[in-house]
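> Return a 3D structure for these sequence lines:
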Amino acid sequence: MFNELKILELSNVLAGPAVGMFFAELGAKVFKVENKLSNGDITRNWKLPKEKKEDLSAYFCSVNYNKKHVFLDFNNEEDTLVLEKLIKECDIIITNFKDGDAKKFNLDFESCKTIKSDIIYAHIGGFKSNPKRVAFDIILQAETGFIKMTGNKDAYAKMPVALIDVLAAHQIKEGILTALILQKKENKAFKITTTLEETAIASLMNQSSNFLMANYSPQPIGTLHPNISPYGEIISTLDNQNLILAIGTDKQFEIFCELIGLEKKWTQLFKNNSQRVKEREDLLKLINKKTKKIKSKNLLNSCHELKIPIGEINSMKEVLEKKVAKEMILEETIGNQKTKRIKTIAFKLTN
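Model (predicted):
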């Protein structure tokens, strides 16, 4: 799809490399420039205890598929000439330089534009409110309200992937694709910027609207939903399996109650979502009394047939053993190491 596109990736960790991998998956040639003085991208060494010392980390491999790795020293004259040649050759530059570093190495937008007049330059920053701050995903999760909402009243919890980085990568991809469309009308350079901070705030969605419109500050309620019930409630079954509900309408609730045999008086009492949200703990107890008499497979099959949203709580092993996940695995040999990761592109484009 993008076989003639060339990308210069001057970024490390996750957000920037995820953008580079997106284009690599679509056929673009991606040059990933790494610092030869520090042995490359820091995530090369972000290893699990069981990973071999000489191997690349699984973390690094997750977002660095099908790239040409170039090790350079930005302070070395010969290496800067190599870098300048790459800028001339490439269509897009992806960066996540710390504040001031881009200008220090003459790799800011204005400098790159003098080398390639129609360059698309994308930069991912950390904090818009304070560009000098070091930004890591968990700090953004904390300072933009996510951790205050996760976990439960006894303990906070972070999201188990660097989700702010992932979302920032999507913002930059969208910006780059927009710039590519605009270049068909105006053949000139474009600069796309976002920060992890702005990305995180933009992703608060209904939680931010709950506050802006109803002055409601979300509390840590685990898997639950502040506006809907039973949505996020975890129920138990006869074979000691845990399932999760996502009932979003009164009609779905009515059908579910009939399925599990909940008495009419309770169905009537909780027929409105607002009442279910207010009394969700009592409602869950009533539901669990019924579902503990039903095998999980039977309950799942019946709910699926009746279009009632319910799901299993799967482990990573269970997820990656599914056919749909197996079809998304990308393999690549880097050096002498066989590596695997899940592809980042989940859309299909047909005509």
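
> quick one, strands of the stretch 51-200 of the chain?
Here the stretch 51-200 of the chain has its strands, by DSSP state E, counting those that start in this stretch, at 68-72, 92-95, 120-125, 190-195.

> Show me what the longest helix anywhere in the chain is packed up against.
Longest helix of the chain, by residue count under DSSP state H: helix 163-182. Judged by 3 or more C-beta pairs under 8 Å, 6 or more residues apart in numbering; DSSP states H and E, the packing partners of helix 163-182 are helix 15-25, strand 120-125, helix 137-143, strand 190-195, helix 196-202. Using the backbone N, CA and C atoms, a C-beta is placed for each residue, glycine as well.

> okay, the third one in CSV with CA atoms only?
Just to be clear, that refers to helix 137-143. Output in CSV follows, covering the C-alpha atoms of helix 137-143 (Å, rounded to 0.1, in the frame of the first residue of the first chain):
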residue,chain,number,x,y,z
ASP,A,137,3.3,6.5,30.6
ILE,A,138,2.5,5.7,34.2
ILE,A,139,3.1,9.3,35.2
LEU,A,140,0.7,10.4,32.5
GLN,A,141,-1.9,7.8,33.6
ALA,A,142,-1.6,9.3,37.1
GLU,A,143,-1.6,13.0,36.3
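
> buried ones in it?
By neighbour count with 16 or more other C-beta atoms under 10 Å, helix 137-143 contains the buried residues 137, 139, 140, 141, 143.

> Identify, from the residues you listed, the entry nearest to residue 195.
residue 140 (9.1 Å; C-beta to C-beta).

> Could you give the separation of the longest helix of the chain from the chain centroid?
In terms of C-alpha atoms, centre = their mean, to the nearest Å, the centre of helix 163-182 is found 12 Å from the chain centre.

> how far off helix 15-25 does that helix point, in degrees?
50 degrees (axes from the mean of the first three to the mean of the last three C-alpha atoms, to 10 degrees).

> Go ahead and name everything in contact with helix 163-182.
13-16, 18-19, 22, 92, 94, 120, 122, 124, 137, 140-141, 144, 146, 190, 192, 194-196, 199-200, 202-203 (C-beta atoms under 8 Å, 6 or more residues apart in numbering).

> Whichever of those end up buried, select them in ChimeraX.
Per 16+ other C-beta under 10 Å, the buried members of these correspond to this ChimeraX selection:
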select :13,14,15,16,18,19,22,92,94,120,122,124,137,140,141,144,146,190,192,194,195,196,199,200,203
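
> For the protein, list the residue farthest from the centre, please.
Of all residues in the chain, residue 265 sits farthest from the chain's C-alpha centroid, using C-alpha atoms, centre = their mean; the distance is 43.1 Å.

> Run through the residues that contact it.
Contacts of residue 265 by C-beta under 8 Å, 6+ apart: none found.

> Am I right that it sits in a strand?
No: counting by DSSP: H, G, I helix; E, B strand; the rest coil, residue 265 is not part of a strand but helix.
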